[in-house]
Structures are given as structure tokens and as C-alpha cells.
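1. I'll drop the sequence and a predicted model, then ask my questions.
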Amino acid sequence: MRHMSWIVTAAVLTLVGCGSSTSPYGGGGGESSGSGGGGGSATAITIGNDFFNPTPVTVPAGSVTFRWATPSHGHTLTWDSGPGTLPANTGTITSGTRTVTLQPGTYQYHCSIHGGPGTGMHGTIVVQ
């Protein structure tokens, strides 16, 4: 009986650890070059069905590429805040990439179909 209790406890802890993720990869919701989500350093962010991966993410100043995972039912890239002039928002995109140039600072963005500023499908980029 104690063995079963241990298994149930391990299963609950595993689910709790995954419960806040908006990404099928775990972590903080969105993919990149080498990161499983939830921070790290990347210059590519995947936009999948209802997630950005990774987010939050820390990147060096310069180009960041957003890649729409295929198949995608369509997402936008809508900028909420950041230093200076923000990159142009996109319309609904189902595949392909969009590269933006970012200066140092913190940027907030979201998909206008599946989220809003700070809610639903949204993300953060910290540029150093």
C-alpha cells in the first residue's frame, strides 16, 4: 500500500510541475534553438497552436525570428510594449517566419486571436 502511495505522490508532483505550461514541450510556453521553454537564450521563437516557445526568453540585441509551426490554425504577432519603436504587428499567419530587429529592453507581445496583453497566448522577450 505504501508503494502505491509513493506512485500517486510522484504522479501528482509531475502533473503540478506541468500544469502551468502553455506549451506541449513543457516550460514556459513557446521552442527555440536548444531551449525547452521557460527562459534561456534563443534567437528563434516558435509560434504553435496556442503557445509561444520559449517564453520568457533572454536574447542578445539584434534579430529574432518567429517561426509559425506547421500545421497552424493561424496566429498573429501583436506587440504590446518595448523600448523605442515596436516592430510591425502581423495579420493572421499560418506558416513561415517573421524576423524582427530588437534593441535592448523588455518586450511584451501576444496573439490577438488567442490572447491579449499579459493573458492567454502571450510572451516576453528580454533583450540584453
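-> Cool, got the structure.
2. Does Pro60 touch Val126 like I think?
-> No. Using Cβ atoms under 8 Å, Pro60 is not in contact with Val126; the gap is 10.5 Å. In this view, the C-beta of every residue, glycine as well, is placed from N, C-alpha and C.
3. so where do the helices sit in this structure?
-> 2-18 (DSSP state H).
4. Of all the residues in the longest strand seen in it, which ones are buried?
-> Scanning the chain for the strand with the most residues, using DSSP state E, yields strand 105-116. Judged by neighbour count using 16 or more other Cβ atoms under 10 Å, the buried positions of strand 105-116 are 107-112, 114-115.
5. now swap in stretch 121-128 and tell me
-> For stretch 121-128, by 16+ other Cβ under 10 Å, it's 121-125, 127.
6. Kindly indicate which of the residues you listed lies nearest Ala44.
-> Distances from Ala44 to these, taken as Cβ to Cβ, are shortest for Ile125 (11.5 Å).
7. sorry, back to before: in strands, which of the buried residues of stretch 121-128 fall?
-> Reading strands off those with DSSP E, I get 121-125, 127.
8. Include pLDDT and distance to Asn49 when you put the residues you listed into CSV, please.
-> Formatted as CSV, those follow (pLDDT from 0 to 100; distance: Cβ to Cβ, whole Å):
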residue, pLDDT, distance to Asn49
Met121, 97, 9
His122, 97, 15
Gly123, 98, 15
Thr124, 98, 20
Ile125, 97, 20
Val127, 97, 26
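9. what residue ranges in the protein score low on pLDDT?
-> By pLDDT under 70, the low-scoring segments of the chain are 1-42.
10. Report the contact partners of the nearest residue to Pro60 once chain neighbours are set aside.
-> Sequence neighbours aside, Gln128 is the residue nearest to Pro60 in space, at 6.0 Å (criterion: Cβ to Cβ, 6 or more residues apart in numbering). Contacts for Gln128 were tallied using Cβ atoms under 8 Å, 6 or more residues apart in numbering; they are 58-61, 104.
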